[in-house]
Structures are given as structure tokens and as C-alpha cells.
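Peer 1: Sequence and predicted structure below; questions after.
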Amino acid sequence: MKYRLSFASMSLCLLLTSCSNHYYYPHVTYSNEPISLGTVQKKLHKGMCQDKVAYVLGAPNIVTKDKYEREAWIYDKHNTEVSVSESSSGSWLILGKWTGDKHESSTIQKTITIIVKFDENNLVDHISYHTSEF
């Protein structure tokens, strides 16, 4: 009888805890896409908890503390975009067609640095960012 009761209570606990998700935020959608300025501006705001910031942006590159033990998280992300365009031209010779293919590519480097400062309650106090493209 004891075995059945403890098995039933363990099953109930397992069922109840498996349904809860501490990191579920219904209004935040997480993706594996690179962090963009739009993500920062839309999804981060003053008063957010650290868990939610980590859910939106992932793990920070650097974590520091000031003299009052308030944390600052620094994100430094880089993204490279490569675009390739093709063009072809040709002319007919006596024995067949001669084709000249031309490939052009361009590369754009984008960087974003985000600094999220937290207050003494580990809630977002200040967000600053810098973007560059070259």
C-alpha cells in the first residue's frame, strides 16, 4: 500500500512539474537568427528580469559588476552577408557558341554591441547599443 501511494504521488508531481515552463514567455518569440537592432528595440525594455533578457538575446559575451554589485551584460555580435550576382553574355562563332559568364559578389559586415545594465533587483535599468556596417 505504501508503495502504491508513493508511486502515485511521485507520478502526480512529475506530471505537474513537466507542464510548467519557467522560461516560457508567450509574447516573445525566440529564433536562431542573428540579433538585430529591431529585436533590441521591440523586445527589450526597462524593468525586464534577467531570465527574459537571456531568453531574448541568449547568453552575453561579457558580464561585469559595478562597485554596487549591479550587473551589466554586454553582447557583441557580428554578421556577414554575402550576395552573389551572375550575368552571362555570349556570341556565336562558326563552330559553336562561346559564352562568357561573369560573377560578382559583395560582402557586408554588420556589428551590434548591446549593453544591458541591471538595477539592485536584477531588473533592466538601462539599455544602450551601437551598430555599424561596412
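Peer 2: On my side now, so go ahead. Residues are numbered from 1 along each chain as shown.

Peer 1: Against Phe118, how distant is Pro34?
Peer 2: Applying C-beta to C-beta, to the nearest Å, the value for Pro34 to Phe118 is 24 Å. (C-beta placed from N, C-alpha, C; glycine too.)

Peer 1: More neighbours: which of these two?
Peer 2: Phe118 (20 against 13; other C-beta atoms under 10 Å).

Peer 1: hey, what's the more buried one bridged with?
Peer 2: Listed beta-bridge partners, Phe118: Val124 (assigned using DSSP bridges).

Peer 1: thought it was touching Glu69?
Peer 2: No: if you go by C-beta atoms under 8 Å, Phe118 and Glu69 don't touch, sitting 10.1 Å apart.

Peer 1: Pull out the CA atoms of whichever strand or helix holds Val56 and give them to me as PDB.
Peer 2: According to DSSP states H and E, Val56 maps onto helix 50-57. Extracted C-alpha coordinates of helix 50-57, given in PDB (Å, rounded to 0.1, in the frame of the first residue of the first chain):
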ATOM      1  CA  GLN A  50      17.500  38.700 -16.400                       C
ATOM      2  CA  ASP A  51      15.900  35.400 -17.400                       C
ATOM      3  CA  LYS A  52      13.800  37.200 -20.000                       C
ATOM      4  CA  VAL A  53      16.800  39.100 -21.400                       C
ATOM      5  CA  ALA A  54      18.700  35.900 -21.700                       C
ATOM      6  CA  TYR A  55      15.700  34.300 -23.400                       C
ATOM      7  CA  VAL A  56      15.500  37.000 -26.000                       C
ATOM      8  CA  LEU A  57      19.200  37.700 -26.600                       C
END
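
Peer 1: Thank you kindly, that will do.
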